[in-house]
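> Show me the folded form of this:
(one chain, ligands or ions: 1)
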Amino acid sequence: MTLRAIDNTGTEYTSYLVSDVIRKIELLCPSCKQKLVWVNSDVKVKHFRHLTTCQYNTEPESKEHIEMKKEIYELIKNNNNTQEIVYEKTVKNRIADIYLKDKAGQQIVVECQCTKITAKEMSQRTKDYNDNNIYVLWILNTKNFNAIDNLDTWSNKKLNKIVRVSNLEKELHKTYFGRVYYFDVIKKCLYGTHFETYSNYKSYEFYTPGGELVCGEYTKYYKTVKYFSLIILEHFNLFCTKNDYTGKLIARFADKKWW
Ligand SMILES: [Zn+2]
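Residues are numbered from 1 along each chain as shown. As a prediction, this is how the structure comes out:
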């Protein structure tokens, strides 16, 4: 399932921007060059489907993922720093959800992540793109990540909630200089989030071998529980940078530090 098709002259088509007349054109997958058909769906975003198996695009695509890709693409496409943007670009053996070039000619891949993956897998995929001189932006779908499952009750910009974060979220937080990006498909809302160390006091008491009672307090720091703050992003310009600490080439939104 794809959002982009080409014909034999190389003209590109976006699945949800074409009409019924597209059925008269022979459409091909930009990656494997096999035939595609247009699916005018009411349930999912209108898309193209392979008639055969695609060696690049083997996974069936969820409604969540296809919608997320479309919404993010539309947000980024309209910012004033984008020179060129396409869906589903083949880079070596991977297909990037969204690929773009900024006005300076720097290449960026946006990964729209709807399923849980490990921090290691995220790092490997990032490295594969980095090896091709491509900067990477990861955006997580709110639906499948614990850290952000009940946004309605959260007040903006305040560190007044505690959440449990995964290793993936921690690694992204480090990589994006204290940010993790999430997208809510239903609200069509893009969030920047920040975590801070959560701790509380614990008391202790014990008897020494001599029978003396000792009591006190200590600070307990949590590894997976964090304070959490967020902003709703309204500007979608990206900029490219290197994180020297994790060694990754990243693209991130030009958001101002809000915490
Ligand atoms: Zn294909």
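
> Those residues of this structure touching the ion, which are they?
29, 31-32, 54 (CB under 5 Å from the ion). From N, CA and C alone the C-beta is placed, and that goes for glycine too.

> so Lys220 sits right up against Asn200, yeah?
Yes: in this structure, Lys220 is within contact of Asn200 by CB atoms under 8 Å, at 5.9 Å.

> How far away from the center of its chain is the lowest-mean-pLDDT helix or strand in the chain?
Across the helices and strands of the chain, mean pLDDT, DSSP states H and E gives its lowest value to strand 161-164, namely a mean of 81. In terms of CA atoms, centre = their mean, to the nearest Å, the gap separating the centre of strand 161-164 from the centre of its chain is 20 Å.

> from here on, count from 855
Yes, from this point I'll number from 855; that puts the last item at strand 1015-1018.

> Against which helices or strands is it packed?
Packing partners of strand 1015-1018 (3 or more CB pairs under 8 Å, 6 or more residues apart in numbering; DSSP states H and E): strand 1067-1086.

> helix or strand right after the strand it packs on?
Next along the chain after strand 1067-1086, taking DSSP states H and E as the criterion, comes strand 1092-1097.

> when you compare where the longest helix seen in the chain runs with where strand 1092-1097 runs, what's the angle?
Of all segments of type helix in the chain, defined using DSSP state H, the longest is helix 917-931. For helix 917-931 against strand 1092-1097, the angle by axes from the mean of the first three to the mean of the last three CA atoms, to 10 degrees is 100 degrees.

> Run me through the strand neighbours of the helix or strand that helix 917-931 is followed by, direction for each.
Next helix or strand after helix 917-931 toward the C-terminus (DSSP H and E): strand 936-945. In the sheet, strand 936-945 lines up against strand 948-956 (antiparallel) (DSSP bridges).

> Any buried residues in the partner strand, and which?
Buried residues in strand 948-956, defined by neighbour count with 16 or more other CB atoms under 10 Å: 949-956.

> Could you save those as CSV and add columns showing distance to Glu942 and pLDDT?
Listed next are the buried residues of strand 948-956 as CSV, based on distance: CB to CB, whole Å; pLDDT from 0 to 100:
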residue, distance to Glu942, pLDDT
Ile949, 5, 91
Ala950, 7, 94
Asp951, 7, 95
Ile952, 8, 96
Tyr953, 8, 97
Leu954, 12, 96
Lys955, 15, 96
Asp956, 19, 93
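
> who are the neighbours in contact with Leu881?
859-861, 867, 889-892, 902 (CB atoms under 8 Å, 6 or more residues apart in numbering).

> Using PDB, write down the CA coordinates of stretch 1071-1084.
Extracted C-alpha coordinates of stretch 1071-1084, given in PDB (Å, rounded to 0.1, in the frame of the first residue of the first chain):
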ATOM      1  CA  GLU A1071      15.000   9.700  54.700                       C
ATOM      2  CA  TYR A1072      16.600   9.400  51.300                       C
ATOM      3  CA  THR A1073      15.800  10.700  47.800                       C
ATOM      4  CA  LYS A1074      14.700   8.000  45.400                       C
ATOM      5  CA  TYR A1075      15.300   8.700  41.700                       C
ATOM      6  CA  TYR A1076      13.200   6.800  39.100                       C
ATOM      7  CA  LYS A1077      14.600   5.600  35.800                       C
ATOM      8  CA  THR A1078      11.400   5.100  33.800                       C
ATOM      9  CA  VAL A1079       9.000   7.400  35.600                       C
ATOM     10  CA  LYS A1080       9.400  11.100  34.600                       C
ATOM     11  CA  TYR A1081       7.900  14.500  34.900                       C
ATOM     12  CA  PHE A1082       6.500  15.500  31.600                       C
ATOM     13  CA  SER A1083       5.700  18.800  29.800                       C
ATOM     14  CA  LEU A1084       4.500  19.500  26.400                       C
END
